[in-house]
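Visitor: I would like to see how this sequence folds:
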Amino acid sequence: MTEFKPIRLALQGAAIDPADAASSHRTAAERFSRLSLGTIGLLHPRQQQSLKSIGELLELIQRLDVAYGSDGVLPLADIDSVTNAGFLAIAELEGAVSRAPDASLIVDLDGITLNLLLWAMRHDVTISNCEPVVNALARRANSATSTQETVAVYAMMQGAINHVAAQLSSDLERSNPDRPWRLLNVNFAITAIRTGDLELVNFAFAKFNDSLPEERYHFYTDALATANSPNFPADLRAAIADQCRQWAPTH
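Guide: Here you go, the predicted structure:
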């Protein structure tokens, strides 16, 4: 599986796929078709099986939406395990696809990942294997070229954090800086800064402070170093400086 790291801390401007169920399913099918063609000759047999499993899952969730509607809890006892098998299959492909000469392939895989995330959120499906979600959201944030796209990624990160909180917020792997719960919250705060919107920034900072209290001062100190660069919005710099003062160690 590919290594996942916090997204770059810098103001910069990946569009999110359509959120309505029908359009989302169509877009995911198109992405899967391109991914299947583009990875011919690149995948070993286990990865080929993972790709096949992803295609079968995309077909399944479309059929389930037709049968039960695009929102609401599904009356299927094994839907959590089936969905998480899909995320495991995505994780199996992620490294090979990210290294492929055609950079559009990882974009398509990320689109499929986020489509599955949105579907799981709409149906209250538990996500335990969320590393691919963390990675896909980080890449979307890094490739965003406009404020609108950055805000869209911010919104999806917020939804993802809320959706996986029950499974991950206990955050038992505190010695691992790459644990998904930490990276989701770090990246959410960074993406908030990139939006340039003080209200979104304050919301994300509050979430960060609650989720990773032991990292508050270090994070805001690093952020303030970036905020002191020329042309950084003054109101955002002040918000970061205030956090630094609030969480400064006492002696």
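Visitor: From Glu149, how far out is Ser128?
Guide: Ser128 sits 28 Å away from Glu149, taking Cβ to Cβ, to the nearest Å as the criterion. In this view, the C-beta of every residue, glycine as well, is placed from N, C-alpha and C.
Visitor: Compare those two and say which is more crowded by neighbours.
Guide: Neighbours per residue, other Cβ atoms under 10 Å: of Ser128 and Glu149, the larger number sits with Glu149, 18 against 14.
Visitor: how far away is that one from Ala22?
Guide: 22 Å.
Visitor: list the helices and strands the host helix or strand of Asp110 packs on?
Guide: Per DSSP states H and E, Asp110 falls inside helix 104-122. Judged by 3 or more Cβ pairs under 8 Å, 6 or more residues apart in numbering; DSSP states H and E, the packing partners of helix 104-122 are helix 21-38, helix 45-68, helix 79-98, helix 131-143, helix 147-168.
Visitor: wait, which of these is closest to Asp124?
Guide: helix 147-168 (8.4 Å; Cβ to Cβ).
Visitor: What is that closest one packed up against?
Guide: By 3+ Cβ pairs under 8 Å, 6+ apart, helix 147-168 packs against helix 104-122, helix 131-143, helix 180-195, helix 198-211.
Visitor: mind putting those in JSON lines, mean pLDDT included?
Guide: Formatted as JSON lines, the helices and strands packed on helix 147-168 follow (pLDDT from 0 to 100):
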{"stretch": "helix 104-122", "mean pLDDT": "96"}
{"stretch": "helix 131-143", "mean pLDDT": "96"}
{"stretch": "helix 180-195", "mean pLDDT": "96"}
{"stretch": "helix 198-211", "mean pLDDT": "97"}
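Visitor: need these in TSV with distance to Pro249, can you?
Guide: Shown next, in TSV, are the helices and strands packed on helix 147-168 (distance: least, Cβ to Cβ, whole Å):
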stretch	distance to Pro249
helix 104-122	37
helix 131-143	29
helix 180-195	20
helix 198-211	15
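Visitor: would you turn these into a markdown table with distance to Gly95 and mean neighbour count?
Guide: Output for the helices and strands packed on helix 147-168, formatted as a markdown table (distance: least, Cβ to Cβ, whole Å; neighbours: other Cβ atoms under 10 Å):
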| stretch | distance to Gly95 | mean neighbour count |
| --- | --- | --- |
| helix 104-122 | 10 | 23 |
| helix 131-143 | 10 | 24 |
| helix 180-195 | 17 | 24 |
| helix 198-211 | 28 | 18 |
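Visitor: Identify whichever of the ones you listed lies nearest to Ser170.
Guide: Distance to Ser170, taken as Cβ to Cβ, is lowest for helix 180-195 among these, at 8.4 Å.
Visitor: burial of the nearest residue to Leu184 once chain neighbours are set aside, as a residue count?
Guide: Once flanking residues are discounted, Leu184 sits nearest to Ile161: 5.3 Å by Cβ to Cβ, 6 or more residues apart in numbering. When neighbours are counted by other Cβ under 10 Å, Ile161 registers 21.
Visitor: Touching, Ala21 and Arg122? I think so.
Guide: Yes - counting by Cβ atoms under 8 Å, Ala21 touches Arg122, with 7.3 Å between them.
Visitor: Could you pull out the residues contacting both of these two?
Guide: Common contact partners of Ala21 and Arg122 (Cβ atoms under 8 Å, 6 or more residues apart in numbering): Ser70.
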